[in-house]
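[1] next comes the sequence, and after it the predicted model I'd like to discuss.
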Amino acid sequence: MTGWHEQLAVPRAPFIPAVVWVDDPAGDGFVALSRDDDEPRWRALVEEDEPIITQVDDGTTRPGETGRRPSSSCSRPSLVAAMLIALDVREGHRVLEIGTGTGWNAAELSRRAGRSGHVVSVEVDPAVADDARRALAALGCAPLVVTSDGTKGYAADAPYDRVVCTASVRTIPRSWVDQTRPGGVIVAPWGTDYGDDALTRLEVREDGSAAGRCGIDLAFMRVRHQRRDFLEPTADEVNDADTTQTAHSGRELFEMVAFARAAFTIGLRVPACYLTVEDVTDDRRLIELHDVRSRSWARVTLVRGRDPWTVHQLGPRRLWNEVAAAHSWWQEAGRPTPDRYGLTVTPDGTHEVWIDAPAADRRWSLTF
Ligand SMILES: C[S@@+](CC[C@H](N)C(=O)[O-])C[C@H]1O[C@@H](n2cnc3c(N)ncnc32)[C@H](O)[C@@H]1O
């Protein structure tokens, strides 16, 4: 495979706003970086194989303030290239993109679909969509940019040959399958609440189902209406929580949080469980599990050289026990990696996962 530079012909710089957001050196959040203040750093960001955050907190945080949550970005070029390869847009294709962002990928899609093709790109945020329209027009690209919730697709211009989502999803919306022609392809970062998402490529069938395989790790931001959320119990609540110890080794705990090891499988076995990992110091790591709906929470506190580790659990679900059981299942199942999984979305919207082949013994329906 060629490198991302060879795959991506549209220049990135014209799509990057003058103000972007970078890690706050003083804390956990994000601070604005202006091209006018530091052009060399801005340009270096544009040229690196890194995502560039272009909006935080849905645009409610202004430069000079600290941002908490990235809400729009220009994705990492090598991942954009990998998704474009999976999507395989051909001259003349009708393409739907969800998540216009800066418009850079929409420009790439338009180049690939050519003058005889048609690209629609849907962006939920009006200000982001306006900036993308301007950048696209300045380069002479003419995809249709629609300001709307992309989880509904864009029925007016369906059917599509290709649908690509550049934000991640927990469920594949029915509308995307309905709006793709049989034989057409849907590519999206897809995954559960637990951990990262996998590049997933589904082919739509005559019966209205869609099926395909999962692949590489894509840590994309979630579409707005499927965001994950976490709980922050008070010190008193933690003091009152059930407290046990775990005999799991550091290696096993690493497997539980690593996408390429057990994390993808655990997410498929334990519904509605959001994983966060915080390295408080070099020697102290907190692994937390959150189910906001049932207000269940668990924390494993790892302190180097001080095992067995302490586990706190709160709420009606025992999330740590569920995750530990899913980890055992993963070991017994032969430690399947994410790329061994596939997904079938049935005509009634059920999401079935399987290992190696759709007819496999190891196949189950997800609950959300
Ligand atoms: C990673 S960025 C997209 C990157 C973009 N394709 C590019 O080339 O710059 C994800 C985008 O998805 C948008 N988004 C989130 N939820 C959405 C939704 N429900 N419908 C449409 N767009 C959405 C965000 O506002 C954000 O701009």
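    Okay, I see it.
[2] for the biggest strand by length in the chain, what is the distance to the chain centroid?
    Scanning the chain for the longest strand, with DSSP state E as the assignment, gives strand 180-190. With CA atoms, centre = their mean, to the nearest Å as the basis, strand 180-190 stands 16 Å off its chain's centre.
[3] is that strand up against the ligand anywhere?
    No. Counting by CB under 6 Å from any ligand atom, the ligand has no neighbours in strand 180-190; the shortest distance is 9.2 Å. Glycine gets a C-beta too; all of them are placed from N, C-alpha and C.
[4] can you list the residues that contact the following helix or strand past that strand?
    Using DSSP states H and E, the next helix or strand after strand 180-190 towards the C-terminus is strand 197-204. The set of residues that contact strand 197-204 without belonging to it, under CB atoms under 8 Å, 6 or more residues apart in numbering, is 79, 82-83, 86-87, 168-169, 172, 177, 180-191, 210-220, 259, 264, 338-339, 341, 343, 345.
[5] need the contact list for whichever residue of the stretch 251-368 of the chain sits closest to the ligand.
    Scanning the stretch 251-368 of the chain for the residue nearest the ligand gives residue 368, at 16.5 Å (criterion: CB to the nearest ligand atom). Residue 368 makes contacts with 170-171, 271-272, 351, as judged by CB under 8 Å, 6+ apart.
[6] same check, this time on residue 283
    Counting by CB under 8 Å, 6+ apart, residue 283 touches 303-305.
[7] okay, and which of those map to helices?
    Using DSSP state H, no member of the contacts of residue 283 sits in helices.
[8] quick check, nearest of those to residue 16?
    When the contacts of residue 283 are ranked by distance to residue 16 (CB to CB), residue 304 comes first, at 40.3 Å.
[9] surely the closest one and residue 281 touch.
    No. Counting by CB atoms under 8 Å, residue 304 stays clear of residue 281, with 9.1 Å between them.
[10] between these two, which one's more packed in?
    When residue 304 and residue 281 are compared for neighbours, residue 304 comes out ahead with 11 against 8, by other CB atoms under 10 Å.
[11] which residue packs closest to that one, ignoring adjacent ones?
    The spatial neighbour of residue 304 that comes closest, neighbours along the chain excluded (CB to CB, 6 or more residues apart in numbering), is residue 283 at 4.0 Å.
[12] which parts of the stretch 1-150 of the chain sit against the ligand?
    Listed as neighbours of the ligand in the stretch 1-150 of the chain under the rule CB under 6 Å from any ligand atom: 71-75, 98-99, 101-102, 104-105, 122-125, 128, 149-150.
[13] any idea how far residue 176 is from residue 185?
    When distance is defined by CB to CB, to the nearest Å, residue 185 is 11 Å away from residue 176.
[14] no wait, residue 77
    For residue 77, the distance to residue 176 - CB to CB - is 25 Å.
[15] for residue 57, same thing?
    Using CB to CB, residue 57 is found at 27 Å from residue 176.
[16] tell me which of the two has more neighbours.
    For residue 57 against residue 176, the residue with the higher neighbour count under other CB under 10 Å is residue 176, and the figures read 27 against 17.
[17] in this structure residue 162 contacts residue 183, no?
    No. With contact defined as CB under 8 Å, residue 162 and residue 183 do not form a contacting pair (10.8 Å).
[18] what packs against the helix or strand containing residue 327?
    Assigned by DSSP H and E, residue 327 falls within helix 319-332. The helices and strands touching helix 319-332, judged by 3 or more CB pairs under 8 Å, 6 or more residues apart in numbering; DSSP states H and E, are helix 250-257, helix 264-269, strand 284-291, strand 296-303, strand 309-314.
[19] got the buried residues for that helix?
    Residues of helix 319-332 classed as buried by neighbour count (16 or more other CB atoms under 10 Å): 319-320, 322-324, 326-327, 329-330.
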